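Chemist: Show me the folded form of this:
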Amino acid sequence: MSTLEAIVFPAVRTWDTAVSRVQTIFCDGYTQKIVNARIAWDGSLTVKKLGTSIFRDRLAISSRPKLEWYRWGRPLGFAVLVGVCTGLAAVVFTWALESFQGFVLGDLLGYHAPPQPSGNPNAPFVFPRASWLVLVIPSLGGLLCGLVIHFFEPEAEGHGTDAMIKAFHRLAGRIPLKVPIAKAVTSVLVIGTGGSAGREGPITQIGAGVGSVVAQLFKLGDWDRRILMLAGAAGGLGAVFRAPLGGAMFAVEVLYSGTAIEFSALGPAFVASVVAYTVFVGVFGQSVMFYLPRTPDPVTWLYPCVFHGAHELPFYFALALLCVGVSFVFSEGFYAMHDRVFRRLPIPLWARPAIGGLGVGLLVLAGFPHVMAGGYGWMQKAILASPDLPFRLALVLVLMKILATCLTVASGGSGGLFAPSLFVGAMTGAAFGWGCQALFPHFAPPVPACVLVGMGGVLAATFKVPLAALIMVSELTGSHDLLVPMMLVGAVEMTILPGRISLCREQVPSFVDSPAHLGDFVIDVLKEMRVEEVCPLDRRPVVIREDMPLPEILHIVAETQQHAFPVVDREGHLVGVISLHDLRTVLAGDGAGDLVRAIDLAVPVRPVTPQDDLHTVLQVLAESHLEEVPIVAPNDHGQVIGLIRREVILRAYDRRVAGLQAGLVPRSGTPA
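Modeler: The predicted structure follows:
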């Protein structure tokens, strides 16, 4: 051993010991990175570098929990803010609506709906006075609504939920501040004057607008803005309906007509919904929306809102089929009225809601004031199996409420379809329950149970929210005793009713169909495109014979623009590919080039066919490290008919994504 080695080797061992001790002290047992310090002969690793490395590792380890907290805590913190703002917006909107509605419907028209919640099936009510005001007031409300929408904010038209869905999928969660303001004003005008609509759709859009505005104020990204928009929608619905869990589930489930759920927004939606609900009940008090009868029937001794056994399942299955039919009529009738009736009327857009209001007034004069506003009091009577809602009246009210809602909202008015769906479901369940009690008095489920299951069934079918409907009906009534029949009804409806049959046109079938998730599904987009769609095959590429010498190869390469050159045998079948990269090693030849043949330079490569998708082509390009790969005939995999380049695939992908975002290219699962 030399003198130098005798000095250096003990120093290395001493250095290793020191490093180990430093790791033990500073890294606390973490194995994020094992610093194995060895002093090279050139002295490249210094004490300073080692200390910097250890400090960086220690910093990364200690900051990881902070980064995780930032990742998850930040959106939840914003959700709290959104919940507070949405809860206050719900308080103001509800107070304004109830005050205006009490003055117009109560003081001017003399209409007092049944109280809700109430445990009295014979609770009193007063029908509106049959006068010219019954026709004028709903028409005037529709006219004022149309003027605000036409001259101030067109996005305030409709039932609100669809606008929220559209903002999530196509507008990156952007909702201007004036949209929730206009939505609140127009909804108060329409519902407050007796229009057949509910407050839940408007507060969903108002809450979504609040969440979007908060995200824009803090300059958050597109995805965070979408999440906070859903959190605001959940908060608004959970507060007004006093159903925080149902509101959160509705916001993340209503986006898709299939079985997809936006689980990434569930946490912020929960937080915002709970906070908004707390703010709302702090002002208006905590209570359930509907009171349930709790005492058993004096004749059958059965509790009215409880599942009593498997013998009731056939009845609930029949009720599910009935709800499917009613939901089909409601959804198709609504958009038929919108597209084929009001859109074709030769009158200004701002005047059409007034025509719808006039139609509602005519229904009231015809003896059906039950259809005015949300109809919560009449739903309460149906739940109590009140004699004021016998079989025939309940059956007629199903059709009258659908017609009144179409007149109010499909004409261009502003109001929600959530409460009308519950009303239609309640009357469907009441009619079904009364009919079954008359035919099978000892086997049929009680009328109140049918009413609740009908409410959840129609809501689930018309909005494609089976889970949210089940949870929300349970929260509205404070009871979970009908989960089994509601699960059955929801499953039957989602199986039978097509996804396109919905009150929300902006819903998409799944994640891959949403522009919000296009970046997550690059492979899916590429798999939808074929080689023959993006690469012209009318011009044959330049090929090289396997016995061609290097000088001839270089001459051909210099005269063409290709990046890869297929090498073929005497029969013209592909044996490999020569790339420009492969030629670099022989470009500076010293005269031995004539001895090098094409077969010596050819690299085997897996060819593609015109029917292969572009994802497969990208895989081949990655495996071969080429910029171009040969395309062979589908019936003869050795015959080269073209070349496809990486940049061609990228341009095709950009065009397809741009078309999807602009709505010019049909998405999978939708007709062209």
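
Chemist: Low-confidence ranges, the stretch 301-450 of the chain, go.
Modeler: When residues are selected by pLDDT under 70, those of the stretch 301-450 of the chain lie in 301.

Chemist: now the helices: where do they sit in it?
Modeler: With DSSP state H, counting those that start in this stretch as the criterion, the stretch 301-450 of the chain has helices at 313-336, 352-365, 376-383, 391-405, 418-439, 447-463.

Chemist: As JSON lines, those helices with distance to P296 and mean neighbour count would be great.
Modeler: Heads up, the C-betas are built off the backbone N, CA and C, glycines and all. Below are the helices of the stretch 301-450 of the chain laid out as JSON lines (distance: least, C-beta to C-beta, whole Å; neighbours: other C-beta atoms under 10 Å):
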{"stretch": "helix 313-336", "distance to P296": "19", "mean neighbour count": "19"}
{"stretch": "helix 352-365", "distance to P296": "38", "mean neighbour count": "24"}
{"stretch": "helix 376-383", "distance to P296": "16", "mean neighbour count": "26"}
{"stretch": "helix 391-405", "distance to P296": "23", "mean neighbour count": "21"}
{"stretch": "helix 418-439", "distance to P296": "15", "mean neighbour count": "26"}
{"stretch": "helix 447-463", "distance to P296": "12", "mean neighbour count": "30"}
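
Chemist: Figure out which of those is closest to L108.
Modeler: Among the helices of the stretch 301-450 of the chain, helix 352-365 comes nearest to L108, with 13.0 Å by C-beta to C-beta.

Chemist: which ones are touching V424?
Modeler: By C-beta atoms under 8 Å, 6 or more residues apart in numbering, V424 lies in contact with V326, F330, V398, K401, I402, V458.

Chemist: Find the least confident helix or strand in the protein, judged by mean pLDDT.
Modeler: Within the chain, no helix or strand scores below helix 3-27, which has a mean of 44 by mean pLDDT, DSSP states H and E.

Chemist: For the residue sitting nearest the centre point of the chain, which residues are in contact?
Modeler: The structure's the chain has its C-alpha centroid closest to L255; by C-alpha atoms, centre = their mean the separation is 3.0 Å. Neighbouring residues of L255 by C-beta under 8 Å, 6+ apart: I165, F168, H169, L230, E262, Q507, V508, S514.

Chemist: what about 6 Å?
Modeler: I165, F168, E262 (C-beta atoms under 6 Å, 6 or more residues apart in numbering).

Chemist: Could you check how far it is from A167?
Modeler: Distance, L255 to A167, using C-beta to C-beta, to the nearest Å: 11 Å.

Chemist: between the two, what contacts are shared?
Modeler: When C-beta under 6 Å, 6+ apart defines a contact, no residue borders L255 and A167 alike.

Chemist: Out of the helices of the stretch 301-450 of the chain, which gets nearest to V632?
Modeler: Closest among these, once you apply C-beta to C-beta, is helix 313-336, at 49.6 Å.

Chemist: and the closest one, what other elements does it pack with?
Modeler: In terms of contacts (3 or more C-beta pairs under 6 Å, 6 or more residues apart in numbering; DSSP states H and E), helix 313-336 is packed against helix 418-439, helix 447-463, helix 483-496.

Chemist: Find the residue ranges of the stretch 451-600 of the chain scoring beneath the pLDDT cut-off.
Modeler: 518-524, 584-594.

Chemist: Could I get the full set of strands for it?
Modeler: Using DSSP state E, counting those that start in this stretch, the strands of the stretch 451-600 of the chain run over 544-545, 564-568, 574-579.

Chemist: what separates the second one from the chain centre, distance-wise?
Modeler: The gap between where strand 564-568 is centred and where its chain is centred comes out at 48 Å by C-alpha atoms, centre = their mean, to the nearest Å.

Chemist: Same check on stretch 616-628?
Modeler: 35 Å.

Chemist: Rounded mean pLDDT for that stretch, please.
Modeler: For stretch 616-628, the mean per-residue pLDDT is 81.

Chemist: about what we covered before: so which of the helices and strands packed on helix 313-336 is nearest V640?
Modeler: Nearest of these (C-beta to C-beta): helix 483-496, 50.1 Å.

Chemist: just checking, what packs against the closest one?
Modeler: helix 313-336, helix 447-463, helix 466-477.

Chemist: could you dump it to PDB, C-alpha only?
Modeler: Written as PDB, here are the backbone C-alpha positions of helix 483-496 (Å, rounded to 0.1, in the frame of the first residue of the first chain):
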ATOM      1  CA  LEU A 483     -84.600   2.400   2.300                       C
ATOM      2  CA  VAL A 484     -85.300  -1.100   0.800                       C
ATOM      3  CA  PRO A 485     -88.200  -0.200  -1.400                       C
ATOM      4  CA  MET A 486     -86.500   3.100  -2.500                       C
ATOM      5  CA  MET A 487     -83.400   1.200  -3.400                       C
ATOM      6  CA  LEU A 488     -85.500  -1.200  -5.500                       C
ATOM      7  CA  VAL A 489     -87.300   1.600  -7.200                       C
ATOM      8  CA  GLY A 490     -84.100   3.500  -8.000                       C
ATOM      9  CA  ALA A 491     -82.500   0.400  -9.400                       C
ATOM     10  CA  VAL A 492     -85.500  -0.400 -11.600                       C
ATOM     11  CA  GLU A 493     -85.700   3.100 -13.000                       C
ATOM     12  CA  MET A 494     -82.000   3.400 -13.800                       C
ATOM     13  CA  THR A 495     -82.100   0.000 -15.600                       C
ATOM     14  CA  ILE A 496     -85.200   0.700 -17.700                       C
END
